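Novice: Output the structure for:
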Amino acid sequence: MVDHDRPAVGAVPFPAPPVDLPAHLRPVRPLGRGGSATVWLVRDRRRGDHVALKVLEGTVDVASLLGRVEREARALARLDGHPAVASIRACGADRHGRVWIATSFVVGPTLADRVRASEPLDGAEALEVFRALAAALADAHGVGVVHGDVSPANVVLGRAGPVLVDFGVGGVDAHVGERARTPVVAPPERLRGVRPRPAGDVWSAAATVRWATAPGAVLPESCRRLVHRCLSEVPADRPTAPALRSALGDGAAGLSSPRRSR
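Specialist: Residues are numbered from 1 along each chain as shown. Reported below is the predicted structural model:
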């Protein structure tokens, strides 16, 4: 994964990486920082590749947070190798109480990057992203994991297709009484401070695709109807992620293969 919701590195002194990391994880360089986290590119010497290490700042209840992330990591381990899910490789806390999460490193721009570069999705690309999000959420919900922050910044257009990143992080500040992290694509119940639920992920997936799609893009009528259903104000009226995945499997007739992101 890549953290793209960040100011330029160097504008403010970048925090040091966590101490007490496992010996096989060696920090390489900072990737970015946001309001509640910093991100490092880290070499996994055991597997011979890289991971993205997200370090959560200002954590109050370290034990509770780490316990939740560990539970999600164990659940997501059942989805290891999923083409649309960035898996959690490891997690922990250092001696200073900073919780860190190491996830798969996906090379590519985020959906937010694409739109900021004035390259919104065409119809075929929008359908590809919608399908990937539906598949990722269907399987994550199936193992009991709610993402909590499906958004353009958390969809990476990887070389092999779209990938949903930041599992284990999306719901970190998403408890009752707190507000959504990405309001532009947050479901109405999250804006009221309700805890993340699967139906909220479905709303955010549809809102993310709608936000990132070019105004004149051609989508099948069936796909447009699905977006409308996902954006129902009433969570119970939205399709489940498995139902959405199934419906989108039938909605691609007549569309050409999507061009790959640059």
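
Novice: Can you give me the domain assignment for this structure?
Specialist: Here the domain assignment for the chain is 25-104, 111-248, based on automatic domain parsing.

Novice: which of those sits most buried?
Specialist: Ranked by mean neighbour count under mean count of other CB atoms under 10 Å, the domains of the chain are led by domain 111-248, which reaches a mean of 20. Bear in mind the C-beta positions are built from the backbone N, C-alpha and C, glycine included.

Novice: That domain: how far from the chain's middle?
Specialist: 9 Å (CA atoms, centre = their mean, to the nearest Å).

Novice: how about the domains of the chain, which one is nearest residue 15?
Specialist: Evaluated with CB to CB, the domains of the chain place domain 25-104 nearest to residue 15, the distance being 5.3 Å.

Novice: Can you name the element that comes right after the longest helix anywhere in the chain?
Specialist: Using DSSP state H to define each element, the chain has its longest helix at helix 123-142. Per DSSP states H and E, the first helix or strand lying C-terminal to helix 123-142 is strand 155-158.

Novice: I'd say residue 101 and residue 91 touch.
Specialist: Yes: taking contacts as CB atoms under 8 Å, residue 101 lies within contact range of residue 91: 4.7 Å.

Novice: shared neighbours, those two?
Specialist: 69, 73, 168 (CB atoms under 8 Å, 6 or more residues apart in numbering).

Novice: want to throw those residues into JSON lines with secondary structure and distance to residue 155?
Specialist: Converted to JSON lines, those look like this (DSSP: H, G, I helix; E, B strand; the rest coil; distance: CB to CB, whole Å):
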{"residue": "69", "secondary structure": "helix", "distance to residue 155": "21"}
{"residue": "73", "secondary structure": "helix", "distance to residue 155": "21"}
{"residue": "168", "secondary structure": "coil", "distance to residue 155": "16"}
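
Novice: Of these, just say which sits nearest to residue 137.
Specialist: Set against residue 137, the nearest of the shared contacts of residue 101 and residue 91 by CB to CB is residue 168 (14.6 Å).

Novice: residue contacts, the closest one?
Specialist: The contact partners of residue 168, by CB under 8 Å, 6+ apart, come to 69, 72, 73, 76, 88, 91, 101, 103.

Novice: what about the helices in the chain?
Specialist: Under the criterion DSSP H, helices of the chain are mapped to 62-76, 111-116, 123-142, 188-191, 198-212, 221-230, 241-248.

Novice: Those: which one's closest to residue 36?
Specialist: Closest of the helices of the chain to residue 36 is helix 62-76, at 11.5 Å (criterion: CB to CB).

Novice: tell me what the closest one is packed against?
Specialist: Using 3 or more CB pairs under 8 Å, 6 or more residues apart in numbering; DSSP states H and E, the elements in contact with helix 62-76 are strand 88-93, strand 99-104.

Novice: Hmm, residue 201 and residue 186 touching each other?
Specialist: No: look at residue 186 against residue 201 with CB under 8 Å: they stay out of range, at 10.7 Å.

Novice: Dump stretch 146-160 to PDB, restricted to CA.
Specialist: Taking Å, rounded to 0.1, in the frame of the first residue of the first chain, the C-alpha atoms of stretch 146-160 are listed here in PDB:
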ATOM      1  CA  VAL A 146     -15.400  -4.100   8.600                       C
ATOM      2  CA  HIS A 147     -13.100  -1.700   6.800                       C
ATOM      3  CA  GLY A 148     -14.500   1.500   8.200                       C
ATOM      4  CA  ASP A 149     -12.800   4.000   5.800                       C
ATOM      5  CA  VAL A 150     -13.400   2.900   2.200                       C
ATOM      6  CA  SER A 151     -12.300   6.000   0.300                       C
ATOM      7  CA  PRO A 152     -10.500   7.200  -2.800                       C
ATOM      8  CA  ALA A 153      -7.300   7.500  -0.800                       C
ATOM      9  CA  ASN A 154      -7.500   3.800   0.200                       C
ATOM     10  CA  VAL A 155      -8.000   2.300  -3.200                       C
ATOM     11  CA  VAL A 156      -4.700   1.700  -5.000                       C
ATOM     12  CA  LEU A 157      -4.700   1.100  -8.700                       C
ATOM     13  CA  GLY A 158      -2.100  -1.600  -8.600                       C
ATOM     14  CA  ARG A 159      -0.400  -3.300 -11.600                       C
ATOM     15  CA  ALA A 160      -2.700  -6.300 -11.300                       C
END
